[in-house]
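A.B. asks: based on what follows, work out the 3D shape:
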Amino acid sequence: MALLLGNPGKAGGGGLICNHHGEWVCGYSRAIGHTTSVAAELRALRDGINLCVELNLFSVLIELDAKLVVELLQKDEGSFNSNDTIMAGLQKIQRTRVLHCYRAANKCVDTLARRGALLSHDFVIFHSPTRDVSLLLSLDADGTVYERKCSVVDVF
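C.D. replies: Next up is the predicted model:
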């Protein structure tokens with residue numbers, strides 16, 4: 001997920017990887033620089049896919065708040081240059097599924113993306129949740145209800 005301060009504008013990306021129980025595996029934030037919202041979303045997605053490949057994950061559910069990016073993933077692989085490395089990464093994962101979720105449904109990732117926009121260095125991997133994200137994860141574990149509107153898209 002990416003956070004953009006203007007479009008185009010200063011952007012940050014971030015995401016988190018959880019296991020099948022919803023427990024933290026790792027998270028990341030990236031300072032992306034001055035770009036458009038779609039380019040920032042694609043960069044954040046690429047980072048997340050690369051981490052999943054490095055962790056040797058064979059089944060991945062990806063939730064994105066950028067509906068346009070979900071639609072780009074559905075199109076022909078060669079039709080969008082930024083998709084090339086994303087599609088190559090997805091092909092290294094045995095099973096993937098992409099969901100479109102509204103930003104309000106993923107407060108942890110939004111927090112990590114916001115952190116990315118404010119980073120003074122390029123990329124940070126968090127092996128444990130930051131304090132603010134930890135609080136949000138606790139709320140999720142306690143069953144705090146957020147409006148969660150999603151549409152399912154199978155990429156492969």
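
A.B. asks: what's the single longest strand in this protein?
C.D. replies: The longest strand of the chain (DSSP state E) is strand 24-35.

A.B. asks: residue contacts, I62?
C.D. replies: I62 makes contacts with L45, G48, I49, T96, R97, V98, L99, as judged by C-beta atoms under 8 Å, 6 or more residues apart in numbering. For the C-beta atoms, the positions are set from N, CA and C on the backbone; glycine is no exception.

A.B. asks: list the residues that contact the nearest residue to the second one once chain neighbours are set aside.
C.D. replies: To tie it back to what came earlier, the one meant is G48. Using C-beta to C-beta, 6 or more residues apart in numbering and skipping residues adjacent in sequence, the residue nearest G48 is G15, 4.3 Å away. Counting by C-beta under 8 Å, 6+ apart, G15 makes contact with M1, G27, Y28, A44, L45, D47, G48, L51, V109, L112, A113.

A.B. asks: can you do 6 Å?
C.D. replies: Each residue near G15 by C-beta atoms under 6 Å, 6 or more residues apart in numbering is listed here: M1, Y28, A44, G48, V109.

A.B. asks: sorry, back to before: what about the contacts of I62, which one has the most neighbours?
C.D. replies: Within these, most neighbours by other C-beta atoms under 10 Å means L45, with 28 neighbours.

A.B. asks: which strands or helices does the next helix-or-strand element following the longest strand of the chain pack on?
C.D. replies: Next helix or strand after strand 24-35 toward the C-terminus (DSSP states H and E): helix 37-54. Using 3 or more C-beta pairs under 6 Å, 6 or more residues apart in numbering; DSSP states H and E, the elements in contact with helix 37-54 are strand 2-5, strand 9-18, strand 24-35, helix 83-91.

A.B. asks: go through those and name the closest to F123.
C.D. replies: strand 24-35 (4.8 Å; C-beta to C-beta).

A.B. asks: which positions within that closest one qualify as buried?
C.D. replies: W24, C26, G27, Y28, S29, R30, A31, I32, T35 (16 or more other C-beta atoms under 10 Å).

A.B. asks: distance to S120 and pLDDT added to these, as JSON lines?
C.D. replies: Below are the buried residues of strand 24-35 laid out as JSON lines (distance: C-beta to C-beta, whole Å; pLDDT from 0 to 100):
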{"residue": "W24", "distance to S120": "24", "pLDDT": "92"}
{"residue": "C26", "distance to S120": "21", "pLDDT": "96"}
{"residue": "G27", "distance to S120": "18", "pLDDT": "96"}
{"residue": "Y28", "distance to S120": "16", "pLDDT": "96"}
{"residue": "S29", "distance to S120": "11", "pLDDT": "95"}
{"residue": "R30", "distance to S120": "12", "pLDDT": "94"}
{"residue": "A31", "distance to S120": "7", "pLDDT": "94"}
{"residue": "I32", "distance to S120": "13", "pLDDT": "91"}
{"residue": "T35", "distance to S120": "18", "pLDDT": "88"}
